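Undergrad: A structural model of the following input is requested.
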Amino acid sequence: MISKIFKLLPIFLLCFSLASFADDPAYVVFYNSGKAAKIVLGKAVILKKGDQLYKTDQISIPDQTQLALVCANFSVVQLKTKMSKSVNDLPSCTKQSTSASSAYFKYIWNSFAHKHVTPDKDPRAYMKTYGAVSRGNSYSKLYVDTIYYNNGPLKLYWKQGRIAEVEVYNSAQDGDVIFKSKAAKYAKLDSIALKLKKTGKYYWDLKGEQSANKKVFIFLNAVTYQKLRNKVLANVISTTPAETAYLKAFMLEENHLLTDAAYYYKQATQLAPSNAAYAASYAKFLP
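TA: As a prediction, this is how the structure comes out:
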């Protein structure tokens, strides 16, 4: 009896593996601007955000409709032309280098691609700040290892209401303190920029928290900053006004443009005040 079980075990494992593979969808619906639908037993079922599509499914997209689908590798396929075809015949999810938007779409995929999973209340948990080396951000509610700044008011609040002084340096290691703020529960970026006067790359830390790798503050002129901002926002997929604002904020924060990120997080919460994820993200910018 035992020998028979061992002989059948590889078959059981193979069947289990195939069943698990079959449970993985080909796409997750991110946005449907109109009446794009899945055909079920000859009837059109309108697709909504979070719906799963398998390779064996049939879909129909009418005129003037945009359907955005998230892939398992967190890339996005956008369909904007009238069609009726099998999901298996849709454009493949190309393997590409990580883009600025991929962390948000990782959140979308992980929230909806697997059954019995409740979407995370804070998509920022998936955020990976691009172009920054982690420098032990233990005292700020935001990712502040690297900040790009041009103008506009913004306060970086410290955790637990801590009161501290910000020291700005002209060098990543050692170097002279060229500016020191007053002790406060936050740092005002506009005040720091006003004291620095000249654009360039600076380094900072809290007094008493100095480490081998200080945090980076990159003070840009208006033209350079606008080019960087436009490059980030070029990747935004327009959906509903609230989600579009949130995606802009997420991508701007992910790319270290915190002033603009705060603006769009606030806009998203105003457009959808009951959305817990939007509120949780914006709360990081508040006392």
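Undergrad: any idea how far Pro62 is from the most centrally placed residue in the chain?
TA: Here the mean C-alpha position of the chain is nearest to the C-alpha of Tyr104 (Cα atoms, centre = their mean), at a distance of 3.4 Å. Plainly put, Tyr104 is 27 Å away from Pro62 if you go by Cβ to Cβ, to the nearest Å. C-beta: built from backbone N, CA, C; applies to glycine.
Undergrad: thinking again about what came up before, so which elements touch the host helix or strand of the residue nearest to the centre of the chain?
TA: Secondary-structure element containing Tyr104, defined by DSSP states H and E: helix 102-112. Where contact means 3 or more Cβ pairs under 8 Å, 6 or more residues apart in numbering; DSSP states H and E, helix 102-112 is packed against strand 27-32, strand 67-70, helix 241-254.
Undergrad: now the first one against helix 241-254, angle please.
TA: The directions of strand 27-32 and helix 241-254 differ by 120 degrees, with axes from the mean of the first three to the mean of the last three Cα atoms, to 10 degrees as the criterion.
Undergrad: adjacent strands (with direction) for strand 27-32?
TA: Here the strand partners of strand 27-32, with direction, are listed using DSSP bridges: strand 52-53 (antiparallel), strand 67-70 (antiparallel).
Undergrad: relative to Tyr278, which of those strands is closest?
TA: Distances from Tyr278 to each of the strands paired with strand 27-32 were compared by Cβ to Cβ, and the smallest falls on strand 67-70, at 19.0 Å.
Undergrad: may I ask which helix or strand of this structure has the lowest mean pLDDT?
TA: helix 2-22 (a mean of 45; mean pLDDT, DSSP states H and E).
Undergrad: where do the helices sit along this protein?
TA: With DSSP state H as the criterion, the chain has helices at 2-22, 102-112, 189-196, 222-233, 241-254, 258-271, 276-283.
Undergrad: how about the ones you listed in JSON lines, adding distance to Val45?
TA: As requested, the helices of the chain are arranged in JSON lines below (distance: least, Cβ to Cβ, whole Å):
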{"stretch": "helix 2-22", "distance to Val45": "20"}
{"stretch": "helix 102-112", "distance to Val45": "16"}
{"stretch": "helix 189-196", "distance to Val45": "49"}
{"stretch": "helix 222-233", "distance to Val45": "34"}
{"stretch": "helix 241-254", "distance to Val45": "22"}
{"stretch": "helix 258-271", "distance to Val45": "28"}
{"stretch": "helix 276-283", "distance to Val45": "26"}
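Undergrad: and these: which comes nearest Lys38?
TA: Each of those was scored for nearness to Lys38 using Cβ to Cβ, and the closest is helix 102-112 (14.7 Å).
Undergrad: could you give the angle of that closest one to helix 276-283?
TA: Here helix 102-112 runs at 150 degrees with respect to helix 276-283, directions being taken by the same axes, to 10 degrees.
Undergrad: quick one: contacts of helix 102-112?
TA: Applying Cβ atoms under 8 Å, 6 or more residues apart in numbering, the contact partners of helix 102-112 are 28-30, 49-52, 70-72, 74-76, 117-120, 123, 125-128, 247, 250-251, 254.
Undergrad: mind giving me the PyMOL command for buried ones among those residues?
TA: Selecting just the buried residues from those in PyMOL takes one command, with 16 or more other Cβ atoms under 10 Å as the test:
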select buried, resi 28+29+30+49+51+52+70+71+74+75+76+123+126+127+247+250+251+254
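Undergrad: for the chain, what are the low-confidence residue spans?
TA: Screening the chain residue by residue with the criterion pLDDT under 70, one finds the ranges 1-22, 95-101, 116-120, 128-138, 210.
Undergrad: ok, which of the helices of the chain comes nearest Lys207?
TA: Scanning these with Cβ to Cβ as the criterion, the closest one proves to be helix 189-196, at 14.1 Å.
Undergrad: and that closest one, how far out from the chain middle?
TA: From the chain centre to the centre of helix 189-196 is a distance of 28 Å (Cα atoms, centre = their mean, to the nearest Å).
Undergrad: appreciated, that's everything.
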